[in-house]
Structures are given as C-alpha cells and as structure tokens.
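> generate coordinates for the sequence data below:
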Amino acid sequence: MSKRRHITPSLLAATPDGQIVEHPDLLMVVRRGRELALPRPDELIPLPEGSDLFLLEGRSAVGLDPESGEAAVLDDLAVAAFVCPAHTLCATAAYATREGAPVLPLFAYGAVGFFEDRFYVAAKRVDTDMRQVFTNIDPERIRRGAEQLLKRFPKNRLVRHLGGCALTYSCPAARNLALGRFECPLPTAQSCNASCLGCISAQPPDSGFCATQDRITFRPTPEEIVEVMQAHGAKAKKPIFSFGQGCEGEPLTEAKTIASAVRLFRDQGGQGTVNVNTNGSLPATMAPLAAAGLDSIRVSLNSARPEAYAAYYRPRGYSFEDVRETIREAKAHGLHVSLNFLYFPGFSDSEAEYDALAGLVESTGLDFIQMRNLNLDPELYLATMEQALGEEAVSGPSMGLANFMKRLKKACPWIGFGYFNPYLEPDRPR
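Next up is the predicted model:
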C-alpha cells in the first residue's frame with residue numbers, strides 16, 4: 001500500500017497592488033474555530049478547477065516560521081480560496097484582522113497554500129456529480145439557451161426572472177435551466193419567516209455587507225411554474241425541479257401555490273424529482289405537498305442545537321422544534337429528506353455539534369446530508385456562536401471533517417452524503 005505523500009505548503013499572500021505571492025520561508029497556517037494551526041496531512045488537496053482565489057481586505061497574512069516555531073504576521077494581505085461546488089472546507093483561512101477592516105462578503109474562505117508549483121486547499125470532495133461544472137461549456141450556449149426560453153415564453157414572468165439569473169448573476173441553477181440539464185430552479189416566495197445572518201437575497205442596511213442577488217418580486221402562477229417545468233423536463237435526462245432558491249424567501253410560505261403547480265404538473269404527466277429547499281418551519285405543509293406529488297425536501301441547518309440555530313437563522317414565528325417536526329412529517333408522508341448542512345470547520349465538527357446532529361438524524365430517520373460550506377465572514381460567525389453558546393463552543397477541540405463524516409456514518413449507517421439534491425428514481429418506495 002502506498003503511503004500518503006507528505007505535503008507542506010508554504011504561505012500565500014497578496015501585495016498591496018493585488019499580486020499573489022508565495023512566502024517559501026513560511027508555512028501555510030489554517031483556522032479551525034478560534035484555533036490557528038498547521039493543516040492536517042489528510043485534508044489538503046490540489047485546488048480544484050473552477051475555484052477562485054480571494055484577497056481579504058483589511059486582513060494580514062499569517063504563516064508559521066519553521067525555525068522559531070512562532071506565527072509571523074505580514075504586511076501583505078491574506079489570501080483565501082472559494083472552492084468550487086462538490087467540495088467542503090476542512091479549514092478556513094488564517095489571518096490577523098486589522099483595525100477598521102470591513103465585514104467580508106458572503107463567501108466561504110478556505111485555507112490555501114502553495115507547494116511544488118501547485119495551489120493546495122484544505123477541503124474534501126464530497127460529491128462526484130458534475131452538476132455545477134461549467135469549465136468546458138461555451139458561455140454562448142448558455143446565452144442562446146436563455147434567449148430561446150425567453151422567446152418561447154414571452155409572457156412568463158418566471159422565465160424572465162430566471163433568464164436574468166442566468167445572464168446577469170451567472171446562477172448555476174439558472175444556467176443549467178438554460179442548458180436543459182440537471183436541476184431546474186423554481187423561485188416562488190417573495191417573503192421569508194427568517195432573517196438569516198448569511199441571507200444572499202436580503203440584508204439590512206446595517207449588516208456591513210450586501211446581498212449578492214435580488215429577491216423575486218412577484219408570485220408566479222402555477223401555470224407559469226408548470227411551463228418552466230415542462231420545458232426543462234422535455235430536455236433533461238434526469239430532471240430535478242427545486243423550489244426554494246437563493247433569489248427568494250421561504251417557499252413553504254407559498255405552499256398552496258407550490259402544491260397547485262406540482263399537482264398540475266403531475267396531472268399532465270410530468271416526470272422527475274420535485275423538491276423543496278426549505279428552512280423547515282411549517283410542518284403542516286408536508287401532507288398537502290406530498291399529496292400533490294412532491295418527492296423530497298431539503299432542510300437548511302447550521303446546527304442541531306436550538307440556540308445555535310436561532311442565532312444564525314433568527315426565525316420569526318417558528319422554532320427549531322418546528323424544524324424537527326417538519327422532518328418527521330415529511331418522513332411520515334414518504335418524502336426523501338436531506339439536510340443542507342452549513343458546515344463551518346472548528347465549530348460544526350466539535351463534539352457537542354456532532355452529538356446534536358447525530359441525535360437529530362437518529363430520531364427522525366432523515367436520509368441524506370449535503371455537506372455545504374457556510375458562506376459568511378468567519379469572525380462574524382464565530383462571534384455569533386460564541387454569544388449564543390459561550391466561548392468554549394468556538395475555542396475547543398474539533399475532530400475534522402473526515403472523522404466527523406465517518407463517525408456519523410457509523411452511528412447512522414443509512415445516511416448518505418453529498419453536495420447536491422439527489423435525483424430519485426420514479427419507482428422508489430414511498
């Protein structure tokens with residue numbers, strides 16, 4: 001058996017003029033919670049194609065001097081990696097925040113270093129699906145596909161909205177709709193019953209950062225929704241249709257519209273997996289949605305501890321117990337249930353967080369966990385969790401992503417892991 005190659009990346013930083021440079025005399029350092037440390041040997045992979053490098057404004061690069069064994073804080077800026085979809089971060093970037101530094105935009109900031117002419121990131125591939133890989137796709141194909149949909153459905157407001165998502169925001173889901181492949185987005189809800197700290201479609205003026213896209217401003221009719229579903233279903237090999245997108249609020253607040261659309265789609269012979277991405281706030285909606293022909297739900301979750309959940313999601317009119325009950329109701333009505341688990345290294349993989357999540361999986365029998373990265377300024381998230389749970393929640397030991405997933409799989413052998421909503425075969429038992 002071959003031994004794992006020993007990789008010791010050096011520090012990456014950025015000069016004031018934006019040039020990324022290597023500091024070969026300093027070692028790459030990573031952050032897990034409040035801890036700064038060297039990366040673990042099993043958590044470094046070559047930076048995947050399609051990832052991006054960021055310069056962290058107002059943050060000094062930090063590396064380890066191997067001669068003295070002490071941390072070195074540089075005048076250069078810190079650099080982080082935004083890893084491409086299907087990968088989950090094992091550690092976030094290490095840096096020292098300067099006075100007056102702005103809040104970082106809504107991305108995940110992976111620890112990245114340099115070794116033998118390659119970038120390395122602390123991350124793990126958790127899904128082999130190529131659903132959001134566009135590397136070899138001509139952008140002209142996407143443009144033509146979006147324009148063809150706009151021409152075909154000139155009066156459909158949802159098509160106009162999604163065309164803008166594809167062409168203006170480069171939304172992966174909307175681009176896949178334009179290409180007629182994989183998962184079709186179906187934004188429906190204008191309002192939300194939560195005020196998530198990292199919401200990408202609505203942020204208060206005092207948040208210190210902007211939402212990355214505009215929220216939908218209308219309620220599409222069931223007929224408009226079905227037109228999009230039918231157009232996509234006619235082209236995609238294994239179509240998935242998902243309500244609950246980044247450009248909308250909470251889809252369960254529009255459960256009646258969604259149920260009407262799904263029923264109409266099914267009555268007209270519509271095939272494929274129909275899914276709702278949700279915060280899981282309204283348990284009573286599961287029965288009518290399942291009866292209409294829904295197949296699955298994906299419940300977003302940063303933590304299975306009520307205090308940590310409330311601190312991030314800031315729910316209005318519901319509690320974490322409602323989320324738990326929604327999962328139970330969905331399972332009781334034959335739906336496939338995934339978690340959209342917002343993983344944050346050093347917090348999510350603590351013993352307390354593991355115990356809470358394992359308890360949720362065991363008590364509800366949910367099916368699948370999508371290991372997503374939490375997109376938020378790391379210091380903002382740590383401060384929020386510290387205020388909700390105490391200092392020990394963000395400064396204690398952590399087990400690492402690989403061990404976290406192994407232990408959860410051992411405790412709950414039926415659980416599946418991935419990154420995307422799974423396609424469900426039509427003849428699956430319900």
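> what residues does residue 31 make contact with?
Neighbour list for residue 31: 91-95, 111, 345-346, 378 [criterion: Cβ atoms under 8 Å, 6 or more residues apart in numbering]. (C-beta placed from N, C-alpha, C; glycine too.)
> dump these to TSV, plus secondary structure, pLDDT and distance to residue 175.
Putting the contacts of residue 31 into TSV (DSSP: H, G, I helix; E, B strand; the rest coil; pLDDT from 0 to 100; distance: Cβ to Cβ, whole Å) gives the following:
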residue	secondary structure	pLDDT	distance to residue 175
91	coil	98	30
92	strand	98	27
93	strand	98	28
94	coil	98	33
95	strand	98	32
111	coil	98	28
345	coil	98	29
346	coil	97	33
378	helix	97	28
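> and these, which is closest to residue 54?
Residue 54 lies nearest to residue 93 out of the contacts of residue 31, by Cβ to Cβ, at 8.5 Å.
> wait, the closest one sits on residue 78?
Yes. With contact defined as Cβ atoms under 8 Å, residue 93 reaches residue 78; the gap is 5.8 Å.
> what sits closest to residue 362 if chain neighbours are left out?
Nearest residue to residue 362 in three dimensions, chain neighbours excluded: residue 412, at 6.0 Å (Cβ to Cβ, 6 or more residues apart in numbering).
> give the burial count for the one you found, as a bare number.
Other residues lying near residue 412 total 16 when counted by other Cβ atoms under 10 Å.
> ok, it touching residue 360?
No. Counting by Cβ under 8 Å, residue 412 sits too far from residue 360 to count as a contact (9.8 Å).
> quick one, phi/psi of the residue nearest to residue 362?
With angles defined as degrees, to the nearest 10, residue 412 sits at phi -130, psi 80.
> residue 165 now?
phi -60, psi -40.
> wait, doesn't it sit right on residue 212?
No. Judged on Cβ under 8 Å, residue 165 makes no contact with residue 212 at a distance of 11.6 Å.
> more neighbours: which of these two?
Taking neighbours as other Cβ under 10 Å, residue 165 and residue 212 compare with residue 165 leading, 26 against 16.
> dump the residue contacts of the more buried one.
Neighbouring residues of residue 165 by Cβ under 8 Å, 6+ apart: 171, 173-174, 185, 213, 247.
> tell me the predicted confidence for it.
Note for residue 165: predicted pLDDT of 92.
> and it, how close does it get to residue 142?
Using Cβ to Cβ, to the nearest Å, residue 165 is found at 11 Å from residue 142.
> now the helix or strand of the chain with the lowest mean pLDDT: buried residues?
The weakest-scoring helix or strand in the chain, judged by mean pLDDT, DSSP states H and E, is helix 392-395 (a mean of 88). Residues 393-394 are the ones in helix 392-395 that count as buried (16 or more other Cβ atoms under 10 Å).
> next one: stretch 27-37
For stretch 27-37, the buried set under the neighbour-count rule, 16+ other Cβ under 10 Å, comprises 27-36.
> same check, this time on stretch 7-15
7, 9-14.
> now the residue most central in space within the chain: which helix or strand?
The residue lying closest to the centre of the chain (Cα atoms, centre = their mean) is residue 372, at 3.9 Å. Assigned by DSSP states H and E, residue 372 falls within strand 368-373.
> partner residues bridging the nearest residue to residue 93 once chain neighbours are set aside?
Nearest residue to residue 93 in three dimensions, chain neighbours excluded: residue 80, at 3.7 Å (Cβ to Cβ, 6+ apart). In this entry, residue 80 is beta-bridged to residue 54, by DSSP bridges.
> how close does residue 80 get to residue 366?
32 Å.
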